[in-house]
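Asks: got a predicted structure plus its sequence, pasted below:
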Amino acid sequence: MMKVVFHVDMDNTPVFELALANITNFLKDVGAENADVALLANGFAVKLFVKASGMKFKERLEELHKQGVKFYVCNNALNAHNINKEDIFEFCEVVPAGVTKLIELQNEGYAYIKP
Amino acid sequence: MMKVVFHVDMDNTPVFELALANITNFLKDVGAENADVALLANGFAVKLFVKASGMKFKERLEELHKQGVKFYVCNNALNAHNINKEDIFEFCEVVPAGVTKLIELQNEGYAYIKP
Amino acid sequence: MMKVVFHVDMDNTPVFELALANITNFLKDVGAENADVALLANGFAVKLFVKASGMKFKERLEELHKQGVKFYVCNNALNAHNINKEDIFEFCEVVPAGVTKLIELQNEGYAYIKP
């Protein structure tokens, strides 16, 4: 099993597109059954997961989620941007502190990639 | 003990603010006594630690330093930007090559985060 | 042996210059014989390795290659930018998926640095 966490913290569309392409290509390369992929969003990047504004990415994110990709969203960042948990996509998991999750995943053997 | 090194290399204020918020939130989440946090600055980011121009961040950096955060500044980058060691904040530790320190820390089990 | 992979994914000249300076300084600091250095380019960064447009960097890249630095270029990214393998510098190695290589290298003990 190849384990990897992608980290995004800016609400920059080209970088986010790159992260999604990275994940898609990786799953195609090794097969979803051999991959354990997480994407963690903190900082400004949590805005990309707000239902009202993130519709552009919704289908692609859902498709990746169906292939087993986990989407973690930082609660500190949601608070900093006055976003309610209810307003982000249902397939996301809110974690108390994104940084803590990034460290835990690396400690569990996940490679770290910052697109 | 959760070990992490944050890497900054641009003198970009929003990114640096994000790095400081990351550290602050992490310490709040796990408790300073359970965290071993380093911030390594190389490239353009060393400019943020110059006393004469970094006063905006001084108090927050000092507060983090009191909580045990170590600030490493790359000497190669200081030389590249004609900055004297004496001109950076006293709570920083100058290391000969920032990249070498980043590798050493990762080899010692520090997770890597690039805000 | 100190092992490190540098990851570049934007065709942003200042960032690429920084990555090359990082590598140069690191080799000088620890000695090329004690270093195992890779640079992996995916996303937009593959454009920097196209012969016709990357001449500005050619000499420095060749010099680093002579010191043992490996340059990996992502084939998915080449396809996405309609670049033929024949059009990139000969000293590069094309890998099927850059992300997979980044994970493999980290699993082999390479530290990860994103300039």
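Replies: Thanks, I have it.
Asks: tell me how many other residues crowd the residue lying closest to residue A:42 once chain neighbours are set aside.
Replies: Once flanking residues are discounted, residue A:42 sits nearest to residue A:98: 3.2 Å by C-beta to C-beta, 6 or more residues apart in numbering or on different chains. Just so you know, the C-beta spots here come from the backbone N, C-alpha and C atoms, and that holds for glycine as well. Residue A:98 is flanked by 30 other residues according to other C-beta atoms under 10 Å in any protein chain shown.
Asks: verify the stated contact: residue A:98 with residue A:40.
Replies: Yes. Judged on C-beta atoms under 8 Å, residue A:98 makes contact with residue A:40 at a distance of 5.5 Å.
Asks: need the overlap of contacts for those two.
Replies: Common neighbours of residue A:98 and residue A:40, counting by C-beta atoms under 8 Å, 6 or more residues apart in numbering or on different chains, are A:72-74.
Asks: for chain A, which helix is longest?
Replies: helix A:13-30 (DSSP state H).
Asks: show me what from chain A comes close to chain B.
Replies: Residues of chain A lying close to chain B (C-beta under 8 Å from any C-beta of the partner chain) are A:7, A:9, A:42-44, A:76, A:80, A:96-100, A:102-104, A:106-107, A:112, A:114.
Asks: same thing but at 7 Å, please
Replies: By the rule C-beta under 7 Å from any C-beta of the partner chain, the part of chain A lying against chain B is A:9, A:43, A:76, A:96-97, A:99-100, A:102-103, A:106-107, A:112, A:114.
Asks: now tabulate the residues you listed in JSON lines and tack on neighbour count.
Replies: Converted to JSON lines, those look like this (neighbours: other C-beta atoms under 10 Å in any protein chain shown):
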{"residue": "A:9", "neighbour count": "24"}
{"residue": "A:43", "neighbour count": "25"}
{"residue": "A:76", "neighbour count": "23"}
{"residue": "A:96", "neighbour count": "13"}
{"residue": "A:97", "neighbour count": "20"}
{"residue": "A:99", "neighbour count": "30"}
{"residue": "A:100", "neighbour count": "19"}
{"residue": "A:102", "neighbour count": "27"}
{"residue": "A:103", "neighbour count": "23"}
{"residue": "A:106", "neighbour count": "23"}
{"residue": "A:107", "neighbour count": "13"}
{"residue": "A:112", "neighbour count": "24"}
{"residue": "A:114", "neighbour count": "21"}
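Asks: from the shared contacts of residue A:98 and residue A:40, which is closest to chain C?
Replies: residue A:72 (18.2 Å; C-beta to the nearest C-beta).
Asks: dihedrals phi and psi, the closest one?
Replies: Torsion angles at residue A:72 (phi, psi; degrees, to the nearest 10) stand at phi -110, psi 140.
Asks: which residue, other than its chain neighbours, is closest to it?
Replies: Counting by C-beta to C-beta, 6+ apart, the residue nearest residue A:72 is residue A:40, at 4.5 Å.
Asks: parallel or antiparallel, list what pairs with whichever strand or helix holds the one you found.
Replies: If you go by DSSP states H and E, residue A:40 is part of strand A:35-41. When pairs are called by DSSP bridges, strand A:35-41 turns out to pair with strand A:2-8 (parallel), strand A:70-74 (parallel).
Asks: name whatever forms a beta bridge with the spatially closest residue to residue A:6 that is not a sequence neighbour.
Replies: Nearest residue to residue A:6, sequence neighbours excluded (C-beta to C-beta, 6+ apart): residue A:39, at 4.6 Å. Under DSSP bridges, the beta-bridge partners of residue A:39 are residue A:6, residue A:71.
Asks: contact partners for residue A:39?
Replies: Residues near residue A:39 by C-beta atoms under 7 Å, 6 or more residues apart in numbering or on different chains: A:6, A:8, A:19, A:23, A:69, A:71.
Asks: return the residues of chain A in contact with chain C.
Replies: Going by C-beta under 7 Å from any C-beta, the residues of chain A near chain C are A:2, A:4, A:18, A:22, A:25-26, A:29-30, A:111-115.
Asks: repeat that for 6 Å
Replies: Neighbours of chain C within chain A, by C-beta under 6 Å from any C-beta of the partner chain: A:2, A:4, A:18, A:22, A:25-26, A:29, A:111-114.
Asks: where's the residue nearest to residue A:42 relative to chain C, distance?
Replies: Distance, residue A:98 to chain C, by C-beta to the nearest C-beta, to the nearest Å: 17 Å.
Asks: contact partners for that residue?
Replies: By C-beta atoms under 6 Å, 6 or more residues apart in numbering or on different chains, the contact list for residue A:98 reads A:40, A:42, A:74.
Asks: surely the second one meets residue A:9?
Replies: Same thing as residue A:42. Yes. Using C-beta atoms under 6 Å, residue A:42 is in contact with residue A:9, at 5.3 Å.
Asks: identify the contacts common to those two.
Replies: Shared contacts of residue A:42 and residue A:9, defined by C-beta under 6 Å, 6+ apart, are absent.
Asks: so how far is chain C from the residue sitting nearest the centre point of chain A?
Replies: Nearest to the geometric centre of chain A sits residue A:39, at 2.7 Å (C-alpha atoms, centre = their mean). Remark: distance between residue A:39 and chain C (C-beta to the nearest C-beta) = 12 Å.
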